[in-house]
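*Asks:* coordinates only, sequence not included:
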């Protein structure tokens, strides 16, 4: 899967090692079930009846790295698949890490800018 560059990830006010960790997660070179790196994500996964999908687990890990306010989604027209999911950083126009279900890709962009670009 394509991933934002380290430099782009660093624009989220991240240190280089955290940007590399996010990139490794996107590239599936790092596991989401790491007790030392992602204790909250692992606890959440273990509390679920069915294992959350990979995108949900990755976004939860990103939330821990970015010290966000949780993972949120915006529903699409069909309500079967979300339009996008993202790490809530507390401000609509603050850059964050989001996943676009249409393109099946992660990007660094603010939720507000993304929705404006989509005409919503």
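*Replies:* Alright, I've got the coordinates. Keep in mind the model is a prediction, meaning the values are calculated, not measured.
*Asks:* center of the protein - which residue?
*Replies:* Residue closest to the mean C-alpha point of the chain, counted by C-alpha atoms, centre = their mean, is residue 59 at 3.3 Å.
*Asks:* got the phi and psi for that residue?
*Replies:* phi -60, psi -40 (degrees, to the nearest 10).
*Asks:* burial count for the closest residue in space to it that isn't next to it in sequence?
*Replies:* Closest residue to residue 59 apart from its sequence neighbours, by C-beta to C-beta, 6 or more residues apart in numbering: residue 71 at 4.5 Å. C-beta here means a position set from N, CA and C on the backbone, and glycine is covered the same way. A count of nearby residues for residue 71, using other C-beta atoms under 10 Å, gives 24.
*Asks:* tell me what residue 71 is bridged to.
*Replies:* Beta-bridge pairing for residue 71 (DSSP bridges): residue 87.
*Asks:* what pLDDT is listed against it?
*Replies:* Predicted confidence (pLDDT) for residue 71: 96.
*Asks:* who's in contact with it?
*Replies:* By C-beta atoms under 8 Å, 6 or more residues apart in numbering, residue 71 lies in contact with 56, 59-60, 62-63, 85-88.
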